[in-house]
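>>> starting from these lines, generate the structure:
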Amino acid sequence: MRPLYPTVFTLIAASLAACAQNPSRPTGQNAARSKVGGSEVATASSTVLHTTALDTGATAPAAAPTPALEVVATDQGAMWTGVTVSQAGRIFVNFPRWGDKVEYTVAELKGGKPVPYPNADMNQLDSNKAAVHLVSVQSVVVGPDDRLWVLDTGSLRMRSPLPGGAKLVAVDLNSNQVVKSIIFPPDVALPTTYLNDVRFNLRQGAAGVAYITDSGDEGPNGIIVVDLGSGKSWRRLSGHPSVRAAPAFVATVEGNPFLLRPAPGVSKPITVGADGIAISADGKTLFYCPMSSRHLYGVSTEALADATVSDEDVAKTVVDYGDRGYASDGLESDAAGRLYLTDYEHNAVHRRTFGPAGPADVSDEIIAQGPNLVWPDTLSLASNGYLYFTANQLCRQKQYNEGADLRHKPYLLLRMKVDARPVELK
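Numbering: from 1, shown residues only. Sure, this is the predicted structure:
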């Protein structure tokens, strides 16, 4: 693994040159604003990096050339998904056990190289000790308390969670010791559950509340709510249409229909439910989106966290923000009330600003896009004002390409300055 990947910058420069020579692509202020999924879209600069047609018939807006887009680290080994950054600037990543050879599922980057975290022993796969070892981590998040929270799916190769394996683990970053482990019972982490991502509001309850998406491709999906003080957890919106894959949904990725194609002549739609998650700056709204959908949703955190509110009444607080014209994996939010969204259909990252006139009053701008940003996955806004994200070529795995692994290493960890503060509800 190398700490830098200069070839990326060469390819970006080549893309810019090609765009400049192609008069059929809009450039400059002529491409300043357009529509995506009914929302107004602004380009972030006067130079086109990459332009693609959206499935809705709209034209994807030109992206910024992002001259400040930096490669933080590269990965020559297993595929990473999550990234998070502590207040002191420590960077953590995770590697789920989906099929690659994974020696450790959580790591801290030191000098651009991953080191097992919090220690090598806890990262050793031991199915008989799934409750105390890390099985397969999908997400790592530094919470408002500056602890590292580790979301362990407890699932190998996306199968049913091992007994005791589905859990949320807190690590104190001063002592580098586990200080809390919340194991999800079988009626919360179902046999079909895949724990995907997590966000926190430490202003709720005695010690805070965590919200987790269940994205499993065969189950009811839903939002899992965790009382961090008592360790109790419960499901919300289980089976609700907003957390499920859109019916008959097929994304377009790298110009091709994105389908589950494990062998020649075999294909079926991908049905991944609630995946990306973010919390509003005031803590009142939890945003989420199924991976197999182009819709964005929001729901009241007050209703989610109040055990006396019925599931029917929770569902009444769901807001559909409409078809964005692109599908997302990761979401993030900032203290100014804006939302950041990956766009795996167009190798891009967007930023959304909500206006006062309701769900339809939204502006959407692409802040990063390029041919090397294949499957932007997790977004993490750090206190230093940088937005970090992984690009891991998820769509090129063999189960989507008739058994052929089309990934080309290294995988990328990038960042860009967005001059924003993370949401810290504490």
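>>> just give the nearest non-adjacent residue to residue 281, would you?
Distances taken as CB to CB, 6 or more residues apart in numbering put residue 337 closest to residue 281, at 4.7 Å, once the chain neighbours are dropped. No exception for glycine: its C-beta is placed from N, CA and C like everyone else's.
>>> what helix or strand is the one you found on?
Per DSSP states H and E: residue 337 is located in neither a helix nor a strand.
>>> how far away is it from residue 349?
Going from residue 337 to residue 349 by CB to CB, to the nearest Å gives 18 Å.
>>> pick out whichever of these two has more residues nearby.
residue 349 (30 against 14; other CB atoms under 10 Å).
>>> that one: what's it in contact with?
The neighbourhood of residue 349, defined by CB atoms under 8 Å, 6 or more residues apart in numbering, consists of 340-343, 366-369, 373, 376, 379, 387, 389.
>>> what do you get if the cut-off is 7 Å, keeping everything else the same?
Contacts for residue 349 (CB atoms under 7 Å, 6 or more residues apart in numbering) come out as 340, 342, 343, 367, 368, 376, 389.
>>> roughly how far does it sit from residue 70?
14 Å.
>>> and what of residue 356?
Counting by CB to CB, the gap from residue 356 to residue 70 is 35 Å.
>>> and those two? which has more neighbours close in?
Higher neighbour count among residue 356 and residue 70: residue 70, with 16 against 5, using other CB under 10 Å.
>>> can I assume that one is in contact with residue 417?
No: if you go by CB atoms under 7 Å, residue 70 and residue 417 don't touch, sitting 8.6 Å apart.
>>> next, show the common contact partners of those two.
In terms of CB under 7 Å, 6+ apart, residue 70 and residue 417 are not both contacted by any residue.
>>> verify the stated contact: residue 260 with residue 398.
No: in this structure residue 260 lies outside contact range of residue 398 using CB under 7 Å: 11.0 Å.
>>> just the strands in the stretch 301-426 of the chain please.
319-323, 331-333, 339-343, 348-354, 362-369, 376-381, 386-391, 411-417 (DSSP state E, counting those that start in this stretch).
>>> pairing partners for the fourth one, with directions?
Partner strands and pairing direction for strand 348-354 (DSSP bridges) are strand 339-343 (antiparallel), strand 362-369 (antiparallel).
>>> equivalent analysis for the last one, please.
Using DSSP bridges, the strands paired with strand 411-417 in its sheet are strand 70-75 (antiparallel), strand 386-391 (antiparallel).
>>> what's the spacing between the first one and its chain's center?
Right, the one you point to is strand 70-75. Centroid displacement of strand 70-75 relative to its chain, using CA atoms, centre = their mean, to the nearest Å, is 18 Å.
>>> I'm done for today, thanks for sticking with me.
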